[in-house]
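1. Quick check, what structure comes out for this input:
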Amino acid sequence: MFGNITDVPGVKVGHRENKEGITGCTALVVENGAVCGVDVRGSAPGTRETDALDPINEINRVHAICLAGGSAFGLDAATGVMQFLEEQGIGVDAGVAKIPIVPSAVLFDLFIGDPHARPTALMGYEAAQAAQVGSFPNGNVGAGYGATVGKLAGPEFAMKGGLGSASYAGKDGLVAGAIVAVNAVGDVKDPTTRQILAGARDKHSGQWVDCCAYLEEHAQSEALAGTNTTIGVVAVNAKLTKAEAKKIAQLTQNALARTIYPVHTMLDGDTIFVLGTGDQCYALDYLGQLATKVMEEAILAGIKAAEQLADVESYTSIQKKSI
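-> Next up is the predicted model:
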């Protein structure tokens, strides 16, 4: 593992945050276009342009993906990404105009900040304008700025989530990268030890609640529908069809299942996009394995880098207390 999703050729990333309102957005720009597929596994999604990605539909390439906070209001950020790309002459040539294709997914981050502060079209524009290759921080960044996890027992037990990214060099020149904003209702666990890294936690006792155990004991959740979601993107420098990209997105959801407990609930809107930016073919199961592996690492990176914000504890703040 190394770097982040911009290690995949053709992918640029930019972020914008409203630090007073505690929300943000992230733009992934693929100026030359990329084949894209999507898998929506959660039951409370907030998305835009995902129907266009169905393999039976006409549009074959996208020019950016926008991830944002703000719940459904945050979908406005994608309009700003479109505006920036249009100004650059990027998009589907419709004769009278070039129309950028910008799918988007949003998460609910209104609990810990100003509930009236949402990512705007201007923030989306600025995120796209700032998009570049190279390093960027994980944690309280972009779409993950106001993210929280472990809300199944109620928002008062939540800990800080965040945005994470990772990349992996595979065989024969393949590079797989992932970026994800982790805002799950459940706990995030280390997939090898099953220890909780961030999740439902009693602030007074310092004890983990364990969301799965809570659900089994109480037979219901205290979280509100639509107030949770993990949204992310995998990119590979491989040649893909839309159907192949969709299948890899489905396989990548296994990364969420290995790190988030519970996941894909009625209260989450878990959505994964997959981009193919290259011209070399690889075995689909191989691509799916690397996509899942790199998404796991991105999830862990986002959680481990998140900082305490608005009195919401984080993995790093708890580690500092234990020293």
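
2. Run through the residues that contact Pro45.
-> Contact partners of Pro45, counting by CB atoms under 8 Å, 6 or more residues apart in numbering, are Ala105, Thr229, Gly269, Asp270, Thr271. Where C-beta positions appear, they are placed from N, C-alpha and C, glycine not excepted.

3. 7 Å - rerun?
-> Neighbour list for Pro45: Ala105, Gly269, Thr271 [criterion: CB atoms under 7 Å, 6 or more residues apart in numbering].

4. Put together JSON lines for these, with secondary structure on each row.
-> Formatted as JSON lines, these follow (DSSP: H, G, I helix; E, B strand; the rest coil):
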{"residue": "Ala105", "secondary structure": "strand"}
{"residue": "Gly269", "secondary structure": "coil"}
{"residue": "Thr271", "secondary structure": "strand"}
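
5. where along the stretch 101-250 of the chain do the strands fall?
-> Taking DSSP state E, counting those that start in this stretch, the strands of the stretch 101-250 of the chain run over residues 104-106, 148-149, 159-160, 162-169, 175-183, 187-189, 196-198, 229-236.

6. Quick check: neighbours of the second one in the sheet, parallel or antiparallel?
-> This means strand 148-149. Sheet pairing for strand 148-149, assigned by DSSP bridges, gives strand 159-160 (antiparallel).

7. Next, count neighbours for Asp202.
-> By the criterion of other CB atoms under 10 Å, Asp202 has 12 neighbours.

8. what pLDDT does it get?
-> At Asp202, the model reports a pLDDT of 90.

9. Could you verify that Leu300 is part of a strand?
-> No - going by three-state DSSP, the assignment for Leu300 is helix, not a strand.

10. in this structure, which spans are helices?
-> 76-87, 121-129, 211-218, 242-259, 284-305, 315-322 (DSSP state H).

11. Just send those helices back as TSV, with mean pLDDT too.
-> Formatted as TSV, the helices of the chain follow (pLDDT from 0 to 100):
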stretch	mean pLDDT
helix 76-87	98
helix 121-129	98
helix 211-218	94
helix 242-259	98
helix 284-305	98
helix 315-322	89
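
12. what's the spacing between the closest residue to Leu290 other than its chain neighbours and Ala301?
-> Distances taken as CB to CB, 6 or more residues apart in numbering put Ala176 closest to Leu290, at 4.2 Å, once the chain neighbours are dropped. Separation of Ala176 from Ala301 (CB to CB, to the nearest Å): 14 Å.
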